[in-house]
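Asker: Build me a model from this:
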Amino acid sequence: MAEELDNVKSNRKRTFKPKVRTGCITCKTRRVKCDEGKPACSRCLRTGRTCDGYESSKPLVAIPRALAPAPAVESPLEARALELFFHKSAKQLAGSFEGAFFQGSVAQSSLVEPTIRNAIAAIAVLHEEMLSHPAERERSIQGQELPTQFYNRAIRALLQKLKTEQTSISLTFMANILFTCFEYFRGNLTAARSHVKSGINLLESWRGNTRPLSYKPWGQSYDSHESYFMETEIAPLLSVFRTNILEEEDAKEKGFFLNPVDRNGIVVLGDRFDNIQQARVGLLDVITSTFTSRQFEPPDHHSPTKDQAAEMVDHNTQNVDEIISQWQSNFDDLVFRKGSSWGYRERQAASVVRIIEMAETLGRRNYLAGNECSWDSARAEYGEMLSIADSLISDLSRFPHDGFRLLSLDFGKLFCFHLLAWKCRWPSLRRWALSLLRKVPKREWLLDAKHYHAIFSRIMEIEEANINAVPEEIIQRDMLPPEHSRIYDFTVLVQTYSSSSSTSSSPSSPSSSTGVAYYAVTFWSKPMGHDGPVSSVTEHIQSESSYPGETAVPLNLIAQHYSHLQGPRKQMEIGPRTVRGLEFDE
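Answerer: Presented below is the predicted three-dimensional model:
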């Protein structure tokens, strides 16, 4: 009997099933089953991977209708600009999270849309010109800079299309994002803000016309390709833009959220995150919630509504704390469930999310703390954040040593270094942070990293001058500066601006092709102790921008605004001083 069973087993053959050849390229490469969802399969979306689309399984046949011809490249300069964008600029703009837009949707649309083709050519040429001397820039015979030529062509092409035919909402938003990028990188902050606000208003209007009354958390379900594109590619970029241009008047506006909000305006996260993108979007909403809650800060003691405002602060703080707690729980669960299967890029993306969340949590914990020594308790967190930052900044695939690292839409690095190079007073960790700050992309949005390196270096000098020990001893013995010598806040004003190509200056952000700004930097402290009056020291700092274009005046991103504290102040003015920390090695 046993022998017969063995014969049956040996003769049994596996049921024939034809090999599936219709899955997406990503799933076929990974040799996993694909659900063949369009435009991207659900398996790739759930795992946070980029779905590379589908290969055609049938021979191409003639289509009996006229196709829109791909616009011809008009010049060798344009061809070179497009090549530069696809090989350099798009990768830098995409960062860890925006690849689907810059390396996918934009690349595809540029094949048929003159607006997109000229917009990315403008960005690419501007990107390259950031590295060159003004005298070396290519100009047309009319004297107009090449990036501006491409940009104007893009605007004209869009306006012409709006006049002559019905334009898809996707093209309008894609152009809005690219125009915003161009204005940011050439230093026109006013125009960039205008584009962002217009984009957000238009998106909110689109949502009002298309979004169902009850909808799911971000990334879970969309009823059309347009909705998927708008919510997963456009909306996160607008949220990042808004975070980086937010001013005091903007904070009074309604928050722009990516996830649903309840009837009280509180963001609603999903029960869990299925991929890093969902975690990152949730974190953007957490940061937006933090900004909108800060508009309710207690007024000064002359206001009759102090108690009511303080109660509102407590209520909003509690709501944000609950959102952060849920986010942290969801993120830890995501890492536990899927972290072991992540590849290098996914781990790096998770590190970006993690370090920003840690900085946000530490910042909130100490936001209203009057005692600067409270920051010292986070030594372990500082060490972990520095290890993450070192790994991210050393990633040559993300930040190559060819100069193109200066273009970045990522946000959060400079905010993190406010904690690591300023609020962290542990000597060795602080110096590690300052050394890393010199390696980050030269400019994060319009904030120049070298300016912050100079300010934070000077703060360290001021604080450690009261320790009464040489730097080597301070480092060896882990000596911390006393509370009375610590800098609580700094404020910066533009004094004068000299330029080789412009004699104008702006009170908020100097702009020219090249030049030197003179800043008045005021350092705020409490030299008589925690309960004593606030005092300030103002120093005049000379600064040259990392590269041409408008540079936003450095500001305290922790936004504690200690300069507005009540009480007597003693103003101490010292003479002009050039901070050596501003002299960066290129």
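
Asker: CA atoms for contacts and neighbours, from now on please.
Answerer: OK.

Asker: Quick one: the helices in the stretch 1-150 of the chain, in order.
Answerer: 2-11, 25-30, 42-46, 76-84, 90-94, 99, 106-109, 114-129, 146-164 (DSSP state H, counting those that start in this stretch).

Asker: after the helix or strand encompassing E204 comes which helix or strand?
Answerer: E204 is part of helix 189-210, with elements assigned from DSSP states H and E. Once helix 189-210 ends, the next helix or strand along the chain (criterion: DSSP H and E) is helix 225-229.

Asker: Only alpha carbons, please: show that next one as CSV.
Answerer: Provided in CSV are the C-alpha atoms of helix 225-229 (Å, rounded to 0.1, in the frame of the first residue of the first chain):
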residue,chain,number,x,y,z
HIS,A,225,-7.1,59.2,-11.2
GLU,A,226,-7.5,62.9,-10.9
SER,A,227,-8.3,62.7,-7.1
TYR,A,228,-5.4,60.3,-6.6
PHE,A,229,-3.0,62.7,-8.3
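
Asker: pLDDT averaged over it - what is it?
Answerer: The average pLDDT within helix 225-229 is 92.

Asker: Quick one: name whatever helix or strand follows that helix.
Answerer: Remark: after helix 225-229, the chain's next helix or strand is helix 235-245, criterion DSSP H and E.

Asker: Run the angle between that following helix and helix 189-210 for me.
Answerer: 140 degrees (axes from the mean of the first three to the mean of the last three C-alpha atoms, to 10 degrees).

Asker: For helix 235-245, the averaged confidence score.
Answerer: 87.

Asker: related to what we said a few turns ago, show me the one of the helices of the stretch 1-150 of the chain that comes nearest G265.
Answerer: helix 42-46 (27.5 Å; C-alpha to C-alpha).

Asker: contacting residues around that closest one?
Answerer: 26-27, 34-36, 50-51, 274-275 (C-alpha atoms under 8 Å, 6 or more residues apart in numbering).

Asker: how does it look with 7 Å?
Answerer: 34-35, 50-51, 274-275 (C-alpha atoms under 7 Å, 6 or more residues apart in numbering).

Asker: helices and strands of the chain: which one bottoms out on pLDDT?
Answerer: strand 569-576 (a mean of 42; mean pLDDT, DSSP states H and E).

Asker: circling back to that earlier point, tell me which of the helices of the stretch 1-150 of the chain lies nearest to G255.
Answerer: Nearest to G255 among these is helix 90-94 (24.5 Å), distances taken as C-alpha to C-alpha.

Asker: For G339, give me its contacts.
Answerer: Applying C-alpha under 7 Å, 6+ apart, no residues qualify as near G339.

Asker: Name the residues of the helix holding E204 that are buried.
Answerer: 189, 192-193, 195-197, 199-200, 203 (16 or more other C-alpha atoms under 10 Å).

Asker: now those as a markdown table including pLDDT and distance to K423?
Answerer: Below are the buried residues of helix 189-210 laid out as a markdown table (pLDDT from 0 to 100; distance: C-alpha to C-alpha, whole Å):
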| residue | pLDDT | distance to K423 |
| --- | --- | --- |
| L189 | 79 | 29 |
| A192 | 87 | 31 |
| R193 | 86 | 30 |
| H195 | 92 | 34 |
| V196 | 91 | 32 |
| K197 | 90 | 33 |
| G199 | 94 | 36 |
| I200 | 93 | 34 |
| L203 | 94 | 38 |
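
Asker: between those residues, which is closest to P482?
Answerer: Out of those, the member with the shortest distance to P482 (by C-alpha to C-alpha) is L189, at 39.5 Å.

Asker: how about that closest one, what does it touch?
Answerer: Contacts of L189 by C-alpha under 7 Å, 6+ apart are E183.

Asker: Verify the stated contact: F102 with S89.
Answerer: No: the pair F102 / S89 is not scored as a contact, 9.0 Å apart, by C-alpha atoms under 7 Å.

Asker: between the two, which one's more packed in?
Answerer: S89 (27 against 24; other C-alpha atoms under 10 Å).

Asker: residues contacting the closest residue to the more buried one other than its chain neighbours?
Answerer: Closest residue to S89 in three dimensions, ignoring its sequence neighbours and counting by C-alpha to C-alpha, 6 or more residues apart in numbering: A124, at 6.0 Å. The contact partners of A124, taken as C-alpha under 7 Å, 6+ apart, are 81, 84-85, 89.

Asker: if we can go back for a sec, buried only: go through the contacts of helix 42-46 for me.
Answerer: Going by neighbour count (16+ other C-alpha under 10 Å), the contacts of helix 42-46 have 34, 51, 274-275 buried.

Asker: if we can go back for a sec, tell me the most buried of the helices of the stretch 1-150 of the chain?
Answerer: Scoring these by mean neighbour count under mean count of other C-alpha atoms under 10 Å gives helix 114-129 as the most buried, with a mean of 25.

Asker: Could you figure out how far it is turned away from helix 146-164?
Answerer: With the same axes, to 10 degrees applied, the angle from helix 114-129 to helix 146-164 works out at 170 degrees.

Asker: now helix 114-129 and helix 76-84, what's the angle there?
Answerer: Using the same axes, to 10 degrees: helix 114-129 against helix 76-84 is 80 degrees.

Asker: Domain parsing of this protein, as residue ranges.
Answerer: 2-35, 387-586 (automatic domain parsing).

Asker: Include distance to E226 when you put the contacts of helix 42-46 into a markdown table, please.
Answerer: A markdown table is the format used below for the contacts of helix 42-46 (distance: C-alpha to C-alpha, whole Å):
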| residue | distance to E226 |
| --- | --- |
| C34 | 22 |
| D35 | 20 |
| T50 | 18 |
| C51 | 17 |
| D274 | 22 |
| N275 | 21 |
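
Asker: picking that back up, a markdown table for the helices of the stretch 1-150 of the chain, including mean pLDDT?
Answerer: Formatted as a markdown table, the helices of the stretch 1-150 of the chain follow (pLDDT from 0 to 100):
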| stretch | mean pLDDT |
| --- | --- |
| helix 2-11 | 48 |
| helix 25-30 | 78 |
| helix 42-46 | 77 |
| helix 76-84 | 88 |
| helix 90-94 | 85 |
| helix 99 | 88 |
| helix 106-109 | 93 |
| helix 114-129 | 92 |
| helix 146-164 | 91 |
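
Asker: Of these, which is nearest E381?
Answerer: Judging those by C-alpha to C-alpha, what sits closest to E381 is helix 90-94, at 28.1 Å.

Asker: among the domains of the chain, which gets the worst mean confidence?
Answerer: domain 2-35 (a mean of 60).

Asker: which of the residues in stretch 465-483 are buried?
Answerer: Buried-residue list, stretch 465-483, by 16+ other C-alpha under 10 Å: 474-475, 479-481, 483.

Asker: quick one: which two of the residues you listed are the most distant?
Answerer: I475 and E483 (18.1 Å).

Asker: quick one on the thing from earlier: want to throw the helices of the stretch 1-150 of the chain into CSV with distance to K423?
Answerer: Formatted as CSV, these follow (distance: least, C-alpha to C-alpha, whole Å):
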stretch, distance to K423
helix 2-11, 71
helix 25-30, 44
helix 42-46, 38
helix 76-84, 40
helix 90-94, 30
helix 99, 34
helix 106-109, 40
helix 114-129, 33
helix 146-164, 40
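
Asker: Minimum distance to H530: which of the ones you listed has it?
Answerer: Among the helices of the stretch 1-150 of the chain, helix 90-94 sits nearest to H530 (C-alpha to C-alpha), with 44.1 Å.
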